[in-house]
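Engineer: what would the 3D arrangement of this be:
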Amino acid sequence: MTAHIKEDNELSLSTLADGSANAGALAMSALKTATSESLLAAVLKSLDDDKAEDIVQINLRGKSEMGDYMIIASGRSTRQVVGIAEKLAERIKHEFGIVSKTEGKDSGDWVLVDTGDIIVHVFRPEVREFYQLEKMWQPGSAAAV
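Structural biologist: Predicted coordinates:
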């Protein structure tokens, strides 16, 4: 005996207790407000939760129009680098509703996660040492002037 299940292909709005059909607005209000500081705190927490190493935070305000902060971190292997980046993008989407752009997941040596206000670089240690990206942006370096 085979059970047949009919699937409903129509979208419907659920109603709230007061009878209004504002479920979408309620779901959106549950998302956190994405200020640069709240986003920065969430990024740093995510990196810490996933055991990222040597986390460097660089304030880009007044130095660049590409964002407010740049975060540089390391993972111990290509697998961890990709995992850190994927979890970060998931958490930002879940908490703030922001779909982050990511680059470099195929190789796993250097993955960039762009959340808009915050740009996150996750490197394998050898690749990070080779590019020395944070030295370009640190105060007092010739490239930052």
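Engineer: nearest the geometric middle of the protein, what residue?
Structural biologist: With distances taken as C-alpha atoms, centre = their mean, residue 89 lies nearest the centre of the chain, 3.8 Å away.
Engineer: which secondary structure element contains it?
Structural biologist: helix 78-96 (DSSP states H and E).
Engineer: tell me which element residue 40 falls in.
Structural biologist: Short version: residue 40 belongs to helix 36-49, going by DSSP H and E.
Engineer: and that helix, what other elements does it pack with?
Structural biologist: When contacts are defined as 3 or more C-beta pairs under 8 Å, 6 or more residues apart in numbering; DSSP states H and E, helix 36-49 packs onto strand 53-59, strand 69-74, helix 78-96, strand 118-123. All C-beta atoms are positioned from the backbone trio N, CA, C, and that covers glycine.
Engineer: now the angle from the last one to strand 53-59?
Structural biologist: Using axes from the mean of the first three to the mean of the last three C-alpha atoms, to 10 degrees, the interaxial angle of strand 118-123 with respect to strand 53-59 works out to 150 degrees.
Engineer: flag every buried residue along strand 118-123.
Structural biologist: 118-123 (16 or more other C-beta atoms under 10 Å).
Engineer: quick revisit: list the buried residues in the helix holding residue 40.
Structural biologist: Applying 16+ other C-beta under 10 Å to helix 36-49 flags 36, 39-40, 42-44, 46-47 as buried.
Engineer: in TSV, list the residues you listed along with distance to residue 94.
Structural biologist: Below are these laid out as TSV (distance: C-beta to C-beta, whole Å):
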residue	distance to residue 94
36	19
39	13
40	17
42	10
43	13
44	16
46	11
47	16
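Engineer: ok, so of those, who is nearest residue 81?
Structural biologist: residue 47 (11.5 Å; C-beta to C-beta).
Engineer: on that earlier part again, residue 71: which of the buried residues of helix 36-49 is nearest?
Structural biologist: For those, the nearest to residue 71 is residue 43 (5.8 Å; C-beta to C-beta).
Engineer: where does the closest one sit relative to residue 126, distance-wise?
Structural biologist: 23 Å (C-beta to C-beta, to the nearest Å).
Engineer: then residue 51?
Structural biologist: 18 Å.
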